[in-house]
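Asker: starting from these lines, generate the structure:
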Amino acid sequence: MRITVLDGYTLNPGDLSWAEIEKLGEVTVHDRTHGQDIVKRGGQAQILLTNKVRLTAETLAMLPQLRFISVLATGYDVVDIAAAAARGIPVSNAPGYGVEAVAQHTMALLLELSRKTARHDTLVKQGAWSQAPDWCFWEGTQQQLTGKTMGIVGFGNSGRRVAVLADAFGMDVIAYAPRPKEAPALRNFRFAPLEELTAQADVISLHCPLTADNRHLINAQRIASMKDGALLLNTARGPLVDETALAQALVSGKLGGAGLDVLETEPPLPDNPLFRAPNCLITPHIAWATQTARQSLMSITARNIEMFKHGTPQNVVNAHML
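Answerer: Numbering: from 1, shown residues only. The predicted model follows:
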């Protein structure tokens, strides 16, 4: 089978091997693919791998050879899964590959907002400690996590892991899940409706997929219901947050800070209002990108292809539509 990777660079910039996938067919890897080149590059492929290249209904209609799509991510909103199902094409994703990486990055953002370690490193190297009148100094208020409440929106693998890490820091944990989930055995954990969570949490961390129903889940109205000085973390999907509303809340002081690994537009436009907002940490969508996590993603994808070839595809996100 012909296998075409539309945008392989972020998965494998050179520190991994494509060998697991290459043994399953005739593989062509493109670092990046623009929309106008999808049909030209993927027109003869039976299997397409995509990370962020969008496969719309119109594009899928121009790929008559296509039999299977495997998304190089857990989120699969880049593919019109209903249009794929209408053409008999299963779409698989890669769940669970980056659970530890995303959870650890979430806590890294929270710790930086709370303790400002990078900021103080910069100040020290600029001479502020050398010129200080006392044996120590700090800028802003140092915060302790113990006893604070972590609110987790979305309780899949990564949300559950963040709950465990928050508990290890002595935080109470509230979680919102749209469908019933098993509660973890933590010191002080409970499920709650979204409105209750956002009103009571000191830290709100997003771990839900992006759907048509939850775009701008965090908007001006919901921010108004949050605690004054609350922190917002987003390592899920950028469009879950109304960036203009968030920037205004940071400027006004309604929210105490934000730690974001994702934005509505990626790469972001240079005039993004969050670039000028106070207490806003932004990393370039790297929570998933440890080498260990990327290797796991490669292996899950290879297994997706192998199982499809055997006639028993796994991790199929549109199985209910086929």
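
Asker: only C-alpha atoms for contact and neighbour calcs from this point on.
Answerer: Fine.

Asker: got phi/psi on the residue nearest to the spatial centre of the chain?
Answerer: Residue closest to the average C-alpha location in the chain (Cα atoms, centre = their mean): residue 236, at 3.0 Å. Per-residue torsions, residue 236: phi -100, psi -90 (degrees, to the nearest 10).

Asker: same check, this time on residue 172
Answerer: Backbone torsions for residue 172, taken as degrees, to the nearest 10, come to phi -80, psi 150.

Asker: for residue 89, same thing?
Answerer: phi -100, psi 110.

Asker: swap in residue 31?
Answerer: Dihedral angles (degrees, to the nearest 10) for residue 31: phi -60, psi -40.

Asker: wait, doesn't it sit right on residue 11?
Answerer: No - if you go by Cα atoms under 8 Å, residue 31 and residue 11 don't touch, sitting 9.3 Å apart.

Asker: which of those two has more residues huddled nearby?
Answerer: More crowded of residue 31 and residue 11, by other Cα atoms under 10 Å: residue 11, with 22 against 13.

Asker: ok, now which ones touch that one?
Answerer: The contact partners of residue 11, taken as Cα atoms under 8 Å, 6 or more residues apart in numbering, are 72, 289, 294, 298.

Asker: state the distance from the last one to residue 273.
Answerer: What it means is residue 298. 35 Å (Cα to Cα, to the nearest Å).

Asker: which one's more surrounded, these two?
Answerer: With neighbours defined as other Cα under 10 Å, residue 298 and residue 273 compare such that residue 298 has more, 23 against 14.

Asker: any idea which helix or strand carries the more buried one?
Answerer: helix 291-309 (DSSP states H and E).

Asker: and the contacts of that helix?
Answerer: 11-12, 15-16, 18, 20-21, 24, 68, 70-73, 92-94, 97-98, 101, 288, 313-315.

Asker: centre of the chain to it, how far?
Answerer: 18 Å (Cα atoms, centre = their mean, to the nearest Å).

Asker: buried stuff in that helix?
Answerer: Buried residues in helix 291-309, counted by 16 or more other Cα atoms under 10 Å: 293-306, 308.

Asker: got the CA coordinates for it in PDB?
Answerer: Output of helix 291-309 as PDB, limited to C-alpha atoms (Å, rounded to 0.1, in the frame of the first residue of the first chain):
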ATOM      1  CA  GLN A 291      11.100  12.600  22.300                       C
ATOM      2  CA  THR A 292       9.600   9.700  24.300                       C
ATOM      3  CA  ALA A 293       6.000  10.900  23.500                       C
ATOM      4  CA  ARG A 294       6.800  11.300  19.800                       C
ATOM      5  CA  GLN A 295       8.300   7.800  19.700                       C
ATOM      6  CA  SER A 296       5.100   6.500  21.300                       C
ATOM      7  CA  LEU A 297       3.000   8.400  18.700                       C
ATOM      8  CA  MET A 298       5.100   6.800  15.900                       C
ATOM      9  CA  SER A 299       4.500   3.300  17.300                       C
ATOM     10  CA  ILE A 300       0.800   3.800  17.900                       C
ATOM     11  CA  THR A 301       0.400   5.100  14.300                       C
ATOM     12  CA  ALA A 302       2.300   2.100  12.900                       C
ATOM     13  CA  ARG A 303       0.100  -0.200  14.800                       C
ATOM     14  CA  ASN A 304      -3.000   1.600  13.500                       C
ATOM     15  CA  ILE A 305      -1.800   1.000  10.000                       C
ATOM     16  CA  GLU A 306      -1.000  -2.600  10.700                       C
ATOM     17  CA  MET A 307      -4.400  -3.300  12.200                       C
ATOM     18  CA  PHE A 308      -6.200  -1.600   9.300                       C
ATOM     19  CA  LYS A 309      -4.300  -3.800   6.900                       C
END
